Structures are given as structure tokens and as C-alpha cells.
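Q: Kindly generate the corresponding structure for this input.
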Amino acid sequence: MPSFAQNNPRLFWESADIYERSNARVCTEIEFALPRELNLEQQQILVNEFIKQSIDNDKHKLPYSFAIHNDPENHNPHCHLIFSERHQDGIDRTPEQFFKRANSKVLEQGGAMKSKHANAREFVQDVRTTWRKLANQHLEKHGIDSRIDERTLKAQGIERDPTTHIHWREFKNLEQIQRQSDEIGQKIAQNVQDLAQERRYIELREQGEGIFSAKFSSILEGANKKALNRTQSDFYEKDKETQRGEEKTPVNRKECVSQDDFDMFIYKTIKNAEKPKFEHERKIEEWEKSLKQLRSTYADYKGDLARLESEKWGMLGLYQSKEQKAEIERIKGVMSNLSERFDRTKDYIAKEQEKIEQINKQNKPLFERKAQIMRDNPNLIEKSMAQLHQEQFKRNTEKWEREQKNKQKDRSLSRDDGLSL
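A: Here you go, the predicted model:
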């Protein structure tokens, strides 16, 4: 960073917004994926070396900032690198002068020169080639066989159609849709089986069998008939009591839901419906922070303006000097710019809040159904999302442990089958 923003990169980018020409490019961004096989520390070392070779060296020394992002499952580690095209030539300049038009004859009197290399056509290809070489070197250094290549599949000699990049959020949504489809398929198969049993039950009842006997026969159709006959005789008296009780039992028209089904309704259905709100809420939080910063900056300039207007820099303090008037006009321009940015940010927040309201309106029937289920089932307990997540994690862990035990058991049986006496 230049000397005026050495310990405050935010000041540099704010100054670029204010002082760079209105039709100029404030910054250039390069976004690139990071190898998932490397940990965060190794990724940071790789990014720093890439920056040194591309935009921060003896030939090209450009101001920059970068951030590394990733999701909790390490599906999409990537880096956002932004840099200014203005060279750092070692000359101390104020923020305003740094972004002025450069003076090729007297460098000290103009702004910082712009990099021709960053605007050249070959810049993008040079950057991609540099990244490929460095990334593969670091993968090889850490004993990882994976490699990357920026060339097309045709240039690499690979005969297959290219695929479209899928964002990690979309990929997770596809996985979730697949799981839901599997669950629906299982429920349909179970419903078909239940319907067949119900039809068989009705047939047996029409043939004169008792309620319990018909129900038992429909479930165990095809089982050992001798064992079934023994069981029927044992429950003969219970069958009569069940038949008498069925006539007295009123029909329960309320929706009966178990605690597990209710938990999954909240954890999956409601959680997925509310998920789009999180991104809008995150944007609102960021813009509110920006508003706070704009208010603080505006207040500082307002104080400077009040001080300047109360002073007189002219001879003997009798009038305002030309320089003083120019500085007052400059500060007024900056304040006007800050005011416009403030209004735009408020508009952004209002639009995001409207989107949240639309999502709330769409999700209203889900919350009404949840309230109705709790009214119909007073014994249900509404658990927090954190508690549901912990329970789901525990179930998945137990399922995985069972699968591992079954695999171990199958391997043991397979070894035993191979032994001969």
C-alpha cells in the first residue's frame, strides 16, 4: 500500500472511490479457486507467492488486498484478489494526488502511473499460467497427486464435453433434492405396501374374519401358516374386545404427528424455506456497517468544513484566501459524494428488507401449519435449531458406525467362507 494507507487498506479503497476519475476503473478483481487438498496456512502461502510473481514485484508493484473464503464442508475454498492499476513508485503522495492524472515529465507533480501490463490482452493468460505453475508446485511439494491445468480439454488432448461449473450451494441443494427424492420414493413404496395390506384386510373382513385376525393375516400374508394358526387361537378373545372397541372409538380428525416427524419438519422443511433469508440479512448487516462508517466520515468532514468556514487565511486574517475557498469547495464535494453513497446504501437495505418480507410471506403457510400441528399435538416440544442439528449429527454418526460394523462383519464372514478344513 502507498505510504498514506500503509496501515489502513480501507483508507486506500475509500480514497479510490472518492478521488479516482468517474469513468476510471477503481480496482480489478481476480477470483480463483484454491486446492481443497491444502490447509488454510498452505493456501495463504500459495496466494502470497502468486501475488509476488504477478502484481507485487520489481516490474509491477500494485496496491492490493485479498480475502480467502470457504464453506464449512471445504467444498469451495477460493480467493478474492483486488488491486489498483496504479504503480507504487516510492514517491509520497496525498490520497488526492495519488489518483490524479500522471505527469510523465515531472512524476512528483502528478498522480501514480497506471500499469500497461494489467490492461494488456495477455495479462489474463499470464496470470492463469502463473497460477497453474505455482499451484502444481505446491501440490507436488506436499505430496499430493492432483494437478490443475488452465488449458481447454481440447488443448490437453482430452476427448469429452466440458461441463458447467456448479456453485457449491447449488451442488448442496441438488444433493438435498436427491435425498428428498429417495425419501419420497421410500414413502411411496411403503404406502403401496400399506394399501395392499389394507385391501387384503378388507377382503378378509368381508369373508367373515375378526378384526384382529384379518389385520394379522394381511400383515403376515405368505408366512408360515401353522405358526399363524397358533397365533390366531392365542388372540381369539382379544379379537372380540378389539371388535367391540372399534365401534365405540370416535374418528380422530386431528393430524397426529410424532416428535421425530415434527423435528424433521422444522429441521428440513422450515429451515430450507428460511435459508434464502440468511444471505439478505448478511448483506443488510454489511451495508449497515458501511452506513456507520459513512456517518463517521461525513461527521469528520462536516467538522473540518465548519472550522474552515469560521477561519480566514487571507492577509491579516481579513478574508478567505483562494486556497481556503478551494479546500472548502473540495470538502463540500466530498460530503456531497458521501451523502449520495449514504442514500444509495439505504436504498439497498430497503430492497433487501423487501425481499425478506416476500420470503416471510411465502413461508407464512409453513409456520401456520407448524402452529396447527402443535395445537393438535400438545405433547410436542419445539426444539431449537442448534439442538436439532446436534441430534441429526448424532443420528448420522450412529448410522455410520452401524454401517462400519456391518462391513466389518461382512468381511469377517467372507474370510471364514474362504477357509477349508
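
Q: Give the residue spans of the stretch 201-350 of the chain that score low on pLDDT.
A: Within the stretch 201-350 of the chain, the stretches with pLDDT under 70 are 201-255, 314-317.

Q: same thing but at 90, please
A: 201-283, 285-296, 300-328, 331, 339, 341-342, 344-346, 348 (pLDDT under 90).

Q: Spell out, range by range, the helices that occur in it.
A: Remark: helices assigned in the stretch 201-350 of the chain by DSSP state H, counting those that start in this stretch are 211-219, 225-234, 236-248, 259-264, 271-310, 322-376.

Q: Helix or strand next in line after the last one, which one?
A: Using DSSP states H and E, the helix or strand that follows helix 322-376 towards the C-terminus is helix 385-417.

Q: how many degrees apart are that following helix and helix 271-310 in direction?
A: 140 degrees (axes from the mean of the first three to the mean of the last three Cα atoms, to 10 degrees).

Q: Could you shift the numbering so residue one becomes 8, and keep it that way?
A: Sure, I'll start counting at 8 from here, so that last one is helix 392-424.

Q: How far away from the center of its chain is helix 392-424?
A: Distance of helix 392-424 from its chain centroid, counting by Cα atoms, centre = their mean, to the nearest Å, is 29 Å.

Q: For that helix, buried residues please.
A: For helix 392-424, burial by neighbour count (16 or more other Cβ atoms under 10 Å) applies to residue 395. In short, each C-beta sits where N, CA and C put it, glycine included.

Q: got it, and stretch 315-333?
A: 315, 327, 331.

Q: Leaving out the residues flanking it, which one is nearest to the last one?
A: Right, residue 331. Distances taken as Cβ to Cβ, 6 or more residues apart in numbering place residue 320 nearest to residue 331, at 4.3 Å, with adjacent residues excluded.

Q: again, but for the first one
A: The shortest distance from residue 315 to any non-neighbouring residue, by Cβ to Cβ, 6+ apart, is to residue 335 (5.2 Å).

Q: Kindly report the same for residue 395.
A: Spatial nearest neighbour of residue 395, chain neighbours left out: residue 274 (4.3 Å); criterion: Cβ to Cβ, 6+ apart.

Q: my read: that neighbour touches residue 400, true?
A: No - applying Cβ atoms under 8 Å, one finds residue 274 not in contact with residue 400, separated by 11.1 Å.

Q: separation between the residue nearest to residue 331 and residue 312?
A: 14 Å (Cβ to Cβ, to the nearest Å).

Q: again with residue 299
A: Going from residue 299 to residue 312 by Cβ to Cβ gives 21 Å.

Q: Equivalent analysis for residue 45, please.
A: For residue 45, the distance to residue 312 - Cβ to Cβ - is 51 Å.

Q: Out of those two, name the residue with the larger neighbour count.
A: More crowded of residue 45 and residue 312, by other Cβ atoms under 10 Å: residue 45, with 20 against 17.

Q: three-state assignment of that one?
A: Following DSSP: H, G, I helix; E, B strand; the rest coil, residue 45 is assigned to coil.

Q: contacting residues for it?
A: Residues in contact with residue 45 (Cβ atoms under 8 Å, 6 or more residues apart in numbering) are 53, 145, 146, 149, 151.

Q: any idea how far the closest residue to the second one other than its chain neighbours is from residue 36?
A: Distances taken as Cβ to Cβ, 6+ apart place residue 53 nearest to residue 145, at 4.9 Å, with adjacent residues excluded. For residue 53, the distance to residue 36 equals 18 Å [Cβ to Cβ].

Q: Between the two, which has more neighbouring residues?
A: Per other Cβ under 10 Å, whichever of residue 53 and residue 36 has more neighbours is residue 53, with 21 against 9.

Q: where's residue 37, which helix or strand?
A: strand 35-40.

Q: what comes up buried for the next helix-or-strand element following that strand?
A: Once the chain leaves strand 35-40, the next helix or strand it forms, by DSSP H and E, is helix 47-61. The neighbour-count check on helix 47-61 (16+ other Cβ under 10 Å) flags 49, 50, 53, 54, 57, 58, 60, 61 as buried.

Q: okay, the angle between helix 47-61 and strand 35-40?
A: Here helix 47-61 runs at an angle of 140 degrees relative to strand 35-40 (the same axes, to 10 degrees).

Q: Run the chain-centre distance for the following helix or strand past helix 47-61.
A: Once the chain leaves helix 47-61, the next helix or strand it forms, by DSSP H and E, is strand 71-76. The chain centroid and the centroid of strand 71-76 are separated by 17 Å under Cα atoms, centre = their mean.

Q: State the pLDDT value of residue 418.
A: Residue 418 carries a pLDDT score of 68 in this model.

Q: Check residue 365 too.
A: Confidence score, pLDDT, at residue 365: 89.

Q: Then residue 172?
A: Looking at residue 172, its pLDDT stands at 65.

Q: coming back round to it: ok, of the buried residues of stretch 315-333, which one's closest to residue 344?
A: Relative to residue 344, the closest of those is residue 315; by Cβ to Cβ it sits at 17.6 Å.

Q: Quick one: residues contacting that closest one.
A: By Cβ under 8 Å, 6+ apart, the contact list for residue 315 reads 331, 334, 335, 338.

Q: Next one: it from residue 328, what distance?
A: Counting by Cβ to Cβ, the gap from residue 315 to residue 328 is 11 Å.

Q: Can you report how many residues lie near residue 19?
A: Residue 19 has 21 nearby residues by other Cβ under 10 Å.

Q: nearest residue to it other than its sequence neighbours?
A: Closest to residue 19 by Cβ to Cβ, 6+ apart is residue 12, at 3.6 Å.

Q: what about the helices of the stretch 208-357 of the chain, which gets the closest to residue 107?
A: helix 329-383 (12.9 Å).

Q: what inclination does that closest one have with respect to helix 278-317?
A: Using the same axes, to 10 degrees: helix 329-383 against helix 278-317 is 160 degrees.

Q: For PyMOL, write the select line for the buried members of the contacts of residue 315.
A: Here is the PyMOL selection string for the buried members of the contacts of residue 315, based on 16+ other Cβ under 10 Å:
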select buried, resi 331+334+338
